[in-house]
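Fold the following.
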Amino acid sequence: MEENYILSVTGTQTIGDSSDKIQLKTVASYVARNGSRYITYKEYDAQNPDKKYRTTIKVDPNDIVTVMKNGTESHHLVLETGERHKCEYITPLGVIALGVYTEYVHVDLNDCGGDLTVRYTIDVESELASRNELHLKLEEAQKNVNSESDS
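Sure, this is the predicted structure:
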């Protein structure tokens, strides 16, 4: 898998009156296949290096976004404007059942990269747990960032 794009991810989670923001900049692969676009990247937990993840974001032509995270903790999240989907979040302590309601999806992706913004809520047993926003910016790297320079 050729990691030939630079991916900037900004995630904001609001619980009650408190908000937390995470930002990540990494290399990613980006391909179009059968009408869908796939962004795949690796994540590591800075506080626990044993935690590793491979995240794939699939964007369908009808702007349904599926986030698949595999690794130490896994989940499969479907984000579709105006719809609530159930999600199982698998952790080392067990499975947590969540409801995910997507308020907004904006896709501006083309063959050179682009932007993706999603706003959604998460509920546990139908009680609001958090409001979330995810923004991805994808840009072509100047060259494959994994290739070694010619020397």
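
separation between residue 77 and residue 66?
Distance, residue 77 to residue 66, using CB to CB, to the nearest Å: 7 Å. For glycine as for every other residue, the C-beta is placed from the backbone atoms N, C-alpha and C.

Those two: which has the busier surroundings?
Per other CB atoms under 10 Å, whichever of residue 77 and residue 66 has more neighbours is residue 77, with 21 against 17.

Return the residues in contact with the nearest residue to residue 45 once chain neighbours are set aside.
Spatial nearest neighbour of residue 45, excluding adjacent residues (CB to CB, 6 or more residues apart in numbering): residue 51 at 3.7 Å. In this structure, residue 51 makes contact with 44, 45, 71, 72, 73, judged by CB atoms under 8 Å, 6 or more residues apart in numbering.

so the first one makes contact with residue 52?
Yes: in this structure, residue 44 is within contact of residue 52 by CB atoms under 8 Å, at 5.7 Å.

now could you export just the CA positions of whatever helix or strand the residue nearest to residue 45 lives in as CSV?
In the assignment (DSSP states H and E), residue 51 maps to strand 48-59. Provided in CSV are the C-alpha atoms of strand 48-59 (Å, rounded to 0.1, in the frame of the first residue of the first chain):
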residue,chain,number,x,y,z
ASN,A,48,0.9,3.5,25.3
PRO,A,49,3.2,2.4,22.4
ASP,A,50,1.7,-1.1,22.5
LYS,A,51,-1.6,0.2,21.2
LYS,A,52,-1.5,0.3,17.4
TYR,A,53,-4.4,0.8,15.0
ARG,A,54,-5.0,0.7,11.3
THR,A,55,-7.8,2.9,10.3
THR,A,56,-9.7,2.8,7.0
ILE,A,57,-12.2,5.4,6.0
LYS,A,58,-14.5,4.4,3.2
VAL,A,59,-16.5,7.2,1.5
